[in-house]
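[1] Curious how this folds, go ahead:
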Amino acid sequence: MSVLWFNRAIALILAAALDRIVGDPWGWPHPVQAIGQVITWGSQGIFRFKLPPGGERSLGIFLGLGVILGSGLVGWGIVRLAEMVHPMVGLGCEVVLLASCFAGRSLRRAAEDVLDPLESGDIPLARERLALYVGRDTANLDEPELLRAVLETVSENATDGVMAPLFYALVGSLLPVGSVPIALAYKAASTLDSMIGYREAPYTHLGWFSARFEDVLTWVPCRLTVFTIALLSGRPRQVWALCRRDAPADPSPNAGWSECAYAAALGVQLGGRNVYRGQVKEKPLLGDAVYEITGDRIHQALALTRHAFLLWIVVGVSAMVAVMGWNGSLVH
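    Below is the predicted model of the structure:
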């Protein structure tokens, strides 16, 4: 049992280091690509039936659960097969799969991809690059709006792209199946939400389950992330008070809390007027505009995410070591 706990702790540490140093190299195969392809095939197949709303919802539930459970099962199978070759091969496979679930370096790369042309004054290039990462229309955004869009992306994806996968990896480390299946299952749920979890047609009914289920899965890690960011800010009461004041106005049960935590910690204001496919949407204002949003503020947000991630790794691994020690004392 102690060896199992030790290997799982080492896998988490190495996966965090791999994501920090390497991230997701362009052109390399990635589990999310395979998950996304399955979602595309499944949703296109369902649309061909031209079902009524109830039928689409039913098959949407089947698609969502199939992708989530299937991703976890495939991850479990890959690690088990690798362990049969050699324990170290199994450990290496676990590290790579876990690192693919953490998007810390990818999130930083995406932010810097837009910030670099902004700093050199190339607004058109910044708009073009931002369009690769956000759903809003970017063609007419000025520099302040571009910066706000980047910070909103960084602060929202810090939860579902970085902290929540780590949360489920830590949960999985306490279960017989291990970290990889649980983290991959959450990653599949997040991918489903990002691809088909929309209220607008044609995904209104097909993606209903995926959107709601991802909201439920992200609820706890989101609140823990808000709490962690509040602690790291040095002003936990103020950050929490601003989140309680502003975050509930956001239609998402998680995105508003995540964005508001960063806005409050950084002393900036997020939200406001956005345009999606030509349609204007007013999002609730989050936080107080004590400071303007700048590139430095965005880098501070990225640093907060790194520190929160490291804190969770330290706490999680320390808990595993404590459990190992407790089990060892029972044996002796």
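[2] how about the helices in this protein?
    2-21, 31-48, 53-85, 87-101, 104-119, 123-130, 143-157, 164-173, 179-196, 208-233, 236-246, 255-266, 295-331 (DSSP state H).
[3] which of the ones you listed sits most buried?
    helix 255-266 (a mean of 28; mean count of other C-beta atoms under 10 Å). C-beta here means a position set from N, CA and C on the backbone, and glycine is covered the same way.
[4] ok, and what's touching that one?
    151-152, 154-156, 158-160, 222-223, 225-226, 229-230, 232-233, 235, 238-239, 242-243, 246-250, 269-271, 284, 286-288, 291, 297, 300-301, 304 (C-beta atoms under 8 Å, 6 or more residues apart in numbering).
[5] Can I get stretch 203-219 as CSV, trimmed to CA atoms?
    The C-alpha coordinates for stretch 203-219 follow below in CSV (Å, rounded to 0.1, in the frame of the first residue of the first chain):
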residue,chain,number,x,y,z
TYR,A,203,-27.0,22.4,-29.2
THR,A,204,-29.9,23.7,-27.0
HIS,A,205,-31.2,20.2,-26.2
LEU,A,206,-28.3,18.0,-27.2
GLY,A,207,-25.9,19.8,-24.9
TRP,A,208,-28.3,20.3,-22.0
PHE,A,209,-27.0,17.4,-19.9
SER,A,210,-23.3,18.1,-20.7
ALA,A,211,-23.6,21.8,-19.6
ARG,A,212,-25.4,21.0,-16.4
PHE,A,213,-23.2,18.0,-15.4
GLU,A,214,-20.0,20.0,-15.9
ASP,A,215,-21.5,22.8,-13.7
VAL,A,216,-22.0,20.3,-11.0
LEU,A,217,-18.6,18.7,-11.3
THR,A,218,-16.9,22.1,-11.3
TRP,A,219,-18.9,23.6,-8.3
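[6] Give me the most central residue, this protein.
    residue 161 (1.5 Å; C-alpha atoms, centre = their mean).
[7] Please list all residues in contact with that residue.
    Residue 161 neighbours (C-beta under 8 Å, 6+ apart): 103, 106-107, 190.
[8] from the residues you listed, which has minimum pLDDT?
    pLDDT across those is lowest for residue 103, at 88.
[9] Redo the contacts of residue 161 as a markdown table? Include distance to residue 74.
    Formatted as a markdown table, the contacts of residue 161 follow (distance: C-beta to C-beta, whole Å):
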| residue | distance to residue 74 |
| --- | --- |
| 103 | 20 |
| 106 | 21 |
| 107 | 25 |
| 190 | 16 |
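[10] What is the nearest of the residues you listed to residue 315?
    For the contacts of residue 161, the closest approach to residue 315 (C-beta to C-beta) belongs to residue 103, at 20.3 Å.
[11] Quick check: phi and psi on that closest one?
    phi -110, psi 30 (degrees, to the nearest 10).
[12] roughly how far apart are the closest residue to it other than its chain neighbours and residue 92?
    Leaving aside its sequence neighbours, residue 103 sits nearest to residue 161 (C-beta to C-beta, 6 or more residues apart in numbering; 4.0 Å). According to C-beta to C-beta, to the nearest Å, residue 161 and residue 92 sit 24 Å apart.
[13] ditto for residue 274
    43 Å.
[14] Please apply the same query to residue 162.
    Residue 162 sits 22 Å away from residue 92, going by C-beta to C-beta.
[15] And residue 140, by the same measure?
    Counting by C-beta to C-beta, the gap from residue 140 to residue 92 is 48 Å.
[16] Equivalent analysis for residue 15, please.
    From residue 15 to residue 92 the distance is 10 Å (C-beta to C-beta).
[17] next one: residue 316
    21 Å.
[18] And residue 250, by the same measure?
    Remark: distance between residue 250 and residue 92 (C-beta to C-beta) = 41 Å.
[19] What ranges in the stretch 201-332 of the chain fall below the confidence cut-off?
    324-332 (pLDDT under 70).
[20] same thing but 50
    Applying pLDDT under 50 to the stretch 201-332 of the chain flags residues 329-332.
[21] do the stretch 1-150 of the chain as well
    Within the stretch 1-150 of the chain, the stretches with pLDDT under 50 are 1.
[22] if we go to 80?
    For the stretch 1-150 of the chain, the stretches with pLDDT under 80 are 1-3, 5, 23-29.
[23] For stretch 199-209, buried residues please.
    Neighbour counts over stretch 199-209 (16 or more other C-beta atoms under 10 Å) mark 203-209 as buried.
[24] will you turn those residues into TSV that also has distance to residue 121?
    Converted to TSV, the buried residues of stretch 199-209 look like this (distance: C-beta to C-beta, whole Å):
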residue	distance to residue 121
203	38
204	42
205	46
206	43
207	40
208	44
209	46
